[in-house]
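1. quick one: sequence and predicted model below, then my questions.
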Amino acid sequence: MQSARAVFLVRPTRFAFNAETALSNHFQQTIGGLSAEEVQTRAFAEFDAMAAQLRAHDMTVVVFDDTPEPHTPDAVFPNNWLTLHPDGRVLLYPMCAPNRRAERRPDILAALAQQFQIREVVDLSGAEQQGRFLEGTGSIIFDHIHRVAYACLSPRTDAALFRQVADQLGYRAVVFHAQDAQGQEIYHTNVMMGLGARFAVVCLDSIRDATERAAVVDSLTATGHQIITISLEQVSRFAGNVLTLQPTRGRELLAMSQSAFEAFTPAQRTTLAHYCELLPLSIPTIETIGGGSVRCMLAEIFLPTK
């Protein structure tokens, strides 16, 4: 199954611009004239509205509150520190920014274990001591149906670690490099690529190397995906940061930010709507200051239920 039936989110308690992650995430921006309290108020409102909309669309949504201490300004993006797999395995990932490492919370795993079956926890976080990082489904795009994993390399995505995880899970690894409009490495694969069961949203222009670009296209074509190509400008508006979800009733959803929805052309929206119900979610403060979007806020739960 490509799409999760359940997700968990972390409600941000001290959301703020993270100077440590801004070194490699060029999508982060400050918003002038807003106090820290106003930023927090907006982040809470955006988060709560998003969770409510997902539930209104019959998604199973588990919410955990961030802790005030230690300060983890990016806790709202839990997809970077773990993945939860159908065979009961949990993978914990090494994080690039030191102030993000405290996002890995045993209490969240313990709470999930009350509802879902956790057979094994594979902790890869020790690679941080070697300066090697791999940030969950920020770094890795999984094609679960065809068992293919895609990753663009960056300071946050180590090639050897990625191949190790792909091999451990039994996925074929596809590795490439991607750059934004300014020629800077794109920090996470899920900014420029998103997969459904039968379609792929991908910015091919960001893959400058022709051989690597052809390898991605060939892999997606071989697995029967219709490729919906987005531009670098659309990437900057998070059109690549989309995620398919399976509600308890009805069609699959394609979760995205309002910014991403507006960035898609009418023709692209029509094509995507052939596969999924489009679900735009408004998170302008979180998206702008955090430099991540809706997909980054959703940690998929593929674990078996108890």
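-> Thanks, I have the structure now.
2. now do the helices in the stretch 1-150 of the chain.
-> Applying DSSP state H, counting those that start in this stretch to the stretch 1-150 of the chain gives helices spanning 36-56, 106-115, 136-139.
3. export those to JSON lines and tack on mean neighbour count and mean pLDDT?
-> Bear in mind the C-beta positions are built from the backbone N, C-alpha and C, glycine included. As requested, the helices of the stretch 1-150 of the chain are arranged in JSON lines below (neighbours: other C-beta atoms under 10 Å; pLDDT from 0 to 100):
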{"stretch": "helix 36-56", "mean neighbour count": "16", "mean pLDDT": "93"}
{"stretch": "helix 106-115", "mean neighbour count": "13", "mean pLDDT": "97"}
{"stretch": "helix 136-139", "mean neighbour count": "26", "mean pLDDT": "98"}
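4. make a markdown table out of these and add distance to A260.
-> Formatted as a markdown table, the helices of the stretch 1-150 of the chain follow (distance: least, C-beta to C-beta, whole Å):
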| stretch | distance to A260 |
| --- | --- |
| helix 36-56 | 13 |
| helix 106-115 | 27 |
| helix 136-139 | 16 |
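5. for the nearest residue to H144 once chain neighbours are set aside, what are its contacts?
-> Among residues not flanking H144 along the chain, Q2 sits closest, at 5.1 Å (C-beta to C-beta, 6 or more residues apart in numbering). Residues counted as contacts of Q2 (C-beta atoms under 8 Å, 6 or more residues apart in numbering) are D143, H144, I145, L195, G196, A197, T244.
6. out of these, who's the most crowded?
-> Greatest neighbour count in these, by other C-beta atoms under 10 Å, goes to L195: 25 neighbours.
7. show me the contacts for that residue.
-> Q2, I141, F142, D143, Y150, V201, H225, T244 are the contacts of L195 under C-beta under 8 Å, 6+ apart.
8. quick check: the third one touching R172?
-> If I follow you right, that is F142. No: counting by C-beta atoms under 8 Å, F142 does not reach R172; the two are 11.0 Å apart.
9. hey, what's in contact with both of those two?
-> V148, A149.
10. so for the two, which residue has more residues nearby?
-> For F142 versus R172, the count of surrounding residues by other C-beta under 10 Å is larger for F142: 21 against 14.
11. quick check: that one vs Y275, distance?
-> Using C-beta to C-beta, to the nearest Å, F142 is found at 17 Å from Y275.
12. and for E38?
-> Noted for E38: a distance of 38 Å to Y275, by C-beta to C-beta.
13. cool, and E46?
-> Taking C-beta to C-beta, one finds E46 at 26 Å from Y275.
14. now swap in A75 and tell me
-> A75 is 31 Å from Y275, by C-beta to C-beta.
15. same drill for those two, tell me which one is more crowded.
-> A75 (23 against 17).
16. leaving out sequence neighbours, find the closest residue to the more buried one.
-> D66 (4.1 Å).
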